[in-house]
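*Asks:* let's see this in three dimensions:
(chains A and B)
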Amino acid sequence: VNRAEPRAELEDFERAILAHAPNLLAVACRLAKGRAEGEDLVQDTLVKALRARGQYEAGTNLKAWLLKILKNTFINRYRRSGLERNVLEGPDADPLADGWIGSETLRAMRDPEGLALRPVLEREIGAALDTLPEEFRMVVMLADVEELSYREIADLVGCPIGTVMSRLHRGRRLLKTHLIEQARVMGLVAEEPSSAKREEPVALDAYRAKRISR
Amino acid sequence: MSCRQITTLLDTFRDGELPADQTLTVEEHVSDCEGCRERLRFGGAMRASLRRTVAASGDVTPAFESRLASALRAERERILERAAPISSTPPPAARARRTAVLPMFLAAAATLGAVVWGNRNLLGGSRPTLAEDPTTPLPPTHVAAAVETPEQVLDELVSYHAAPPTPQITDSNLVPKLEPEVGVPVRLPFNNVNQYGAKWEGGAVIPMRNQRAAIFRYRVQNHPVTVYVYDARRVPLRGVLEPRVVHNQAVSVGERRGYSIAAREQRGVGYAVATDLNDDESAELVSTIY
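*Replies:* Presented below is the predicted three-dimensional model:
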């Protein structure tokens, strides 16, 4: 189905996709957990994109399209089994309440301006990200780093929006938990998170739930 | 809503994906509740740190940029070539030019008989290693995950030959260092190249079929010769090349876009050469490797 295509058109497309190389590389290095693998993955992705340029719908999000190719290439390359996916898509094993963390603990972890984590902790976030199950890592990066919408992520990952939200929620919670562990090890926060009692006098339901669970 | 309920909405709120009514509820609650404000701030801080950390690994080096550019260029040329009428395909090396430039080489090979290993100083003093010249945006690296058929692998090989990647090593003593990346034993293919009037130019690792191959560049009497070393299980070339026996060794030979290609397998390791010489010469060359 190769029709004669002007060189200029191909070159334009090349330029357009090359402009996204930094985004793709950032995601790829994190997915593949290595620079060399990440670079190979990006190269594969861009060459495939050029080959499949006819499938790209002009006017849609080019970065999202490229990320989708990257994700598929990654999965093919690393021969992801369907098993892991099934496990991940199963019902959320942990109740939401497990994610409850006192706001004082959180305050101690971020820098005073609130613009980022405290530098000593910020160094840990890459490692924290690497500990996430792959499907969570993917969704967290797409949302938090690449700023794709839930709809775009769902389309890219090939799952319903509800699944995206669940993975995002669980991925972020795992990140948070990991960081808190680190913060405790570093002595940035107290061993026990501050109780939620003091800070929310109005939240009676939550208060009771917490009392009962103890 | 309780803080606990609000907390479950905060991420979605920050993502701007909450329905309008819930957005208002969260805004109202957060404006009154320091605890939830802190949770919201923490989420933002975590995201900012994450973004910064991940973006740091997206630093495209000049070497990688040039590798990407040439991979795309190679693919573009392939697309254009396929789209163009057959007659317009320019032979990169006219057959007429492929005169027998190797008689000397062959004679030398025959006289020498066995290849002498071990003398690593044949190629003269070592030059600086890891030559990464960002100003030469050349190499037509190409990839493998996308490659489906052995025919396409041949295309890949030829593309690397026609426009070689920037060498990662120019000191031939470093050749064994490529071994861990390729996953098969990698040594200098022709150790006594000087005897043939061949010159070593450099080596690199290229992606090939979901793994990596080593690629070495030589020049034999002004003819570029590219040697590939790879895991033969992953790159089955025999099917598309014609079998032949040279010096009692099974060699396969073929042509692609005006270049000749010869391949050989030994103990699971694949060796191939691409040249603008003729088939016999390429077959001879590949049979003398190791």
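
*Asks:* export stretch B:55-67 as CSV, just CAs?
*Replies:* Provided in CSV are the C-alpha atoms of stretch B:55-67 (Å, rounded to 0.1, in the frame of the first residue of the first chain):
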residue,chain,number,x,y,z
ALA,B,55,12.7,14.6,32.6
ALA,B,56,16.4,14.5,33.6
SER,B,57,16.6,11.1,32.0
GLY,B,58,15.2,12.4,28.8
ASP,B,59,18.4,14.3,28.0
VAL,B,60,19.0,13.5,24.4
THR,B,61,22.8,13.5,23.8
PRO,B,62,24.2,14.7,20.5
ALA,B,63,25.4,11.2,19.8
PHE,B,64,21.9,9.7,20.4
GLU,B,65,20.3,12.5,18.4
SER,B,66,22.5,11.7,15.5
ARG,B,67,21.8,8.0,15.8
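
*Asks:* how far does that stretch sit from its chain's centre?
*Replies:* Distance, stretch centre to chain centre, for stretch B:55-67: 16 Å (C-alpha atoms, centre = their mean, to the nearest Å).

*Asks:* that stretch vs chain A: in contact?
*Replies:* Yes - Stretch B:55-67 lies within reach of chain A by C-beta under 8 Å from any C-beta of the partner chain, at B:55-60, B:64-65, B:67. The way it works is simple: take the backbone N, C-alpha and C, and place the C-beta from them, glycine included.

*Asks:* residue nearest the middle of chain A, spatially speaking?
*Replies:* Nearest to the mean C-alpha position of chain A, by C-alpha atoms, centre = their mean, lies A:Val140 at 1.6 Å.

*Asks:* excluding sequence neighbours, find me the nearest residue to that residue.
*Replies:* Leaving aside its sequence neighbours, A:Val140 sits nearest to A:Gly171 (C-beta to C-beta, 6 or more residues apart in numbering or on different chains; 4.2 Å).

*Asks:* can you check the pLDDT for the one you found?
*Replies:* If you check A:Gly171, the pLDDT there is 93.

*Asks:* list the buried residues of whichever helix or strand it is part of.
*Replies:* With secondary structure defined by DSSP states H and E, A:Gly171 is part of helix A:161-185. For helix A:161-185, the buried set under the neighbour-count rule, 16 or more other C-beta atoms under 10 Å in any protein chain shown, comprises A:163-180, A:182-183.

*Asks:* find the least confident helix or strand in the chain, judged by mean pLDDT.
*Replies:* If you meant another chain, say so; for now it's chain A. In chain A, no helix or strand scores lower on mean pLDDT, DSSP states H and E than helix A:82-89, which sits at a mean of 41.

*Asks:* hm, I was asking about chain B
*Replies:* Per-SSE averages on chain B (mean pLDDT, DSSP H and E): minimum helix B:103-112, a mean of 44.

*Asks:* give the contact list for B:Ser57.
*Replies:* Contacts for B:Ser57 were tallied using C-beta atoms under 8 Å, 6 or more residues apart in numbering or on different chains; they are A:25-26, A:29-30, A:35, A:38, A:126.

*Asks:* restrict these to those near chain B?
*Replies:* Near chain B, by the rule C-beta under 8 Å from any C-beta, you find A:25-26, A:29-30, A:35, A:38, A:126 out of these.

*Asks:* tell me which residue in the stretch 151-290 of chain B sits closest to chain A.
*Replies:* B:Pro207 (4.9 Å; C-beta to the nearest C-beta).

*Asks:* surely that residue touches A:Leu41?
*Replies:* No - between B:Pro207 and A:Leu41 there is no contact under C-beta atoms under 8 Å: 9.5 Å.

*Asks:* any idea which residue of chain B lies closest to chain A?
*Replies:* B:Gly58 (2.9 Å).

*Asks:* quick check: closest non-adjacent residue to that residue.
*Replies:* Using C-beta to C-beta, 6+ apart, the closest residue to B:Gly58 is A:Ala26 (2.9 Å).

*Asks:* buried residues, the helix or strand hosting the one you found. List them.
*Replies:* In this structure, A:Ala26 is located in helix A:21-32 according to DSSP H and E. Applying a neighbour-count criterion of 16+ other C-beta under 10 Å, one finds A:21-32 buried in helix A:21-32.

*Asks:* quick one: the helices in chain A, in order.
*Replies:* A:7-18, A:21-32, A:35-51, A:62-77, A:82-89, A:103-109, A:119-122, A:125-131, A:134-140, A:150-157, A:161-185, A:204-213 (DSSP state H).

*Asks:* for B:Ile169, which of these is the nearest?
*Replies:* The closest of the helices of chain A to B:Ile169 is helix A:35-51. By C-beta to C-beta, the value is 15.4 Å.

*Asks:* which parts of the closest one are buried?
*Replies:* Quick answer for helix A:35-51 (16+ other C-beta under 10 Å): A:37-50.

*Asks:* what's the pLDDT at the residue in chain A positioned nearest to chain B?
*Replies:* Closest residue of chain A to chain B, C-beta to the nearest C-beta: A:Ala26 (2.9 Å). Listed pLDDT for A:Ala26 reads 93.

*Asks:* centre of the chain versus the helix holding A:Ala26, how much separation?
*Replies:* That offset, for helix A:21-32, works out to 12 Å (C-alpha atoms, centre = their mean).

*Asks:* and B:Ser49, how far from B:Ile169?
*Replies:* For B:Ser49, the distance to B:Ile169 equals 38 Å [C-beta to C-beta, to the nearest Å].

*Asks:* neighbour count winner among those two?
*Replies:* B:Ser49 (27 against 22; other C-beta atoms under 10 Å in any protein chain shown).

*Asks:* and the pLDDT for that one?
*Replies:* B:Ser49 is given a pLDDT of 92.

*Asks:* so where does it fall, helix or strand?
*Replies:* helix B:34-56.

*Asks:* okay, the angle between the very next helix or strand once past that helix and helix A:21-32?
*Replies:* The C-terminal neighbour of helix B:34-56 among helices and strands, as given by DSSP H and E, is helix B:62-83. Here helix B:62-83 points in a direction 100 degrees away from that of helix A:21-32 (axes from the mean of the first three to the mean of the last three C-alpha atoms, to 10 degrees).

*Asks:* buried sites along helix B:62-83?
*Replies:* For helix B:62-83, burial by neighbour count (16+ other C-beta under 10 Å) applies to B:63-64, B:66-80.
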